[in-house]
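Whatever this is, show me its structure:
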Amino acid sequence: MSNYKIHNELESIYKNCPGITKSELLELVKTRFGVDVQNPTEDEIDEAVLERYFTKVWQPKTKKYKYSGLSIVDEINNMNLDSVLDIGCGYNEFKGKINNLTGIDAYNSRADHQVNLLDYNTDKQYDAIICFGSINFGNVTKIIAEMKKAVSLVKQDGLMYFRVNPGIQHDDEEAHYIDFFEWTPEFIFNISQALGCTLINMRKDANRIYFILKKDK
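Okay, here's the model as predicted:
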């Protein structure tokens, strides 16, 4: 179960309609979740809900963040790095601002590589990564898997800059069935240790949590 909201909704559908056919289920999924899928599984619906939201509704709010907004440009450029990865880059708005930057995003065609983090395969390790608002969705197992992947993409002693959501639901109707993970300072500290990283800094940034990790091994 990676999205408890969708999981519970599907459980309710099957409980109330035990003889439902696949065609009836597909139509009900379209009505209930607002998405078309070929296989009405929890993961398929979850992916479709996220894709709809981030391609049709979501807009960046970079300027509202003090630490994980435009100020990150000078902070990273001052280190004269050869390679920087922006995970979940959205409209790739740091491209051309942060030197030697590559942006990946599962849903936005303006990314250098339109790919999900877990499916991004490369032998390259980056000097630093930024990840603002993209490791935020699903259960703790999915979050840990994505964090492990992110850490694997940075060189030893490289820095990782994160902005995460402490479980705040987005107001848009299309976000209703998105499962926002509830990040906490305790979880950030614990996962930093578990992944062989040092927690360099952590602070509130508007209504989000901003933190920096250094990869130790």
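
Now tell me what touches whichever strand or helix holds Ile6 from outside.
Mapping Ile6 onto the secondary structure by DSSP states H and E places it in helix 4-16. By C-beta atoms under 8 Å, 6 or more residues apart in numbering, the surrounding residues in contact with helix 4-16 are 1, 20, 25, 28, 32-33, 40, 42, 45-46, 49, 139, 176-179. The C-beta positions use only the backbone N, C-alpha and C, and glycine is treated the same way.

Now with 6 Å, please.
Contacts with helix 4-16, where a contact means C-beta atoms under 6 Å, 6 or more residues apart in numbering, come from 1, 42, 45-46, 177, 179.

buried ones in that helix?
Using 16 or more other C-beta atoms under 10 Å as the test for burial, helix 4-16 gives 5-7, 9-10, 13.

which one of these is nearest Thr122?
Each of the buried residues of helix 4-16 was checked against Thr122 using C-beta to C-beta; the closest is Ile6, at 30.6 Å.

Let me know the pLDDT of the closest one.
According to the model's per-residue confidence, Ile6 sits at a pLDDT of 96.

The one 3 residues further on now?
In this model, Glu9 is scored at 94, pLDDT.

Also Phe33?
Per-residue confidence (pLDDT) for Phe33: 95.

quick one: contacts for it?
Contact analysis of Phe33 by C-beta under 6 Å, 6+ apart lists 45, 49, 177.

Only the buried subset of those, as a ChimeraX command please.
In ChimeraX, this line selects whichever of these come out buried by 16+ other C-beta under 10 Å:
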select :45,49,177
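
Switch the contacts of Phe33 over to TSV; also include pLDDT, distance to Val57 and secondary structure.
Conversion of these to TSV gives the following (pLDDT from 0 to 100; distance: C-beta to C-beta, whole Å; DSSP: H, G, I helix; E, B strand; the rest coil):
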residue	pLDDT	distance to Val57	secondary structure
Ile45	96	17	helix
Val49	97	11	helix
Tyr177	97	13	coil
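
Turn the contacts of Phe33 into TSV, columns for distance to Ser71.
Listed next are the contacts of Phe33 as TSV, based on distance: C-beta to C-beta, whole Å:
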residue	distance to Ser71
Ile45	38
Val49	32
Tyr177	34
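
centroid residue for the chain?
For the chain, the residue whose C-alpha lies nearest the mean C-alpha position (C-alpha atoms, centre = their mean) is Ser134; its distance is 2.1 Å.
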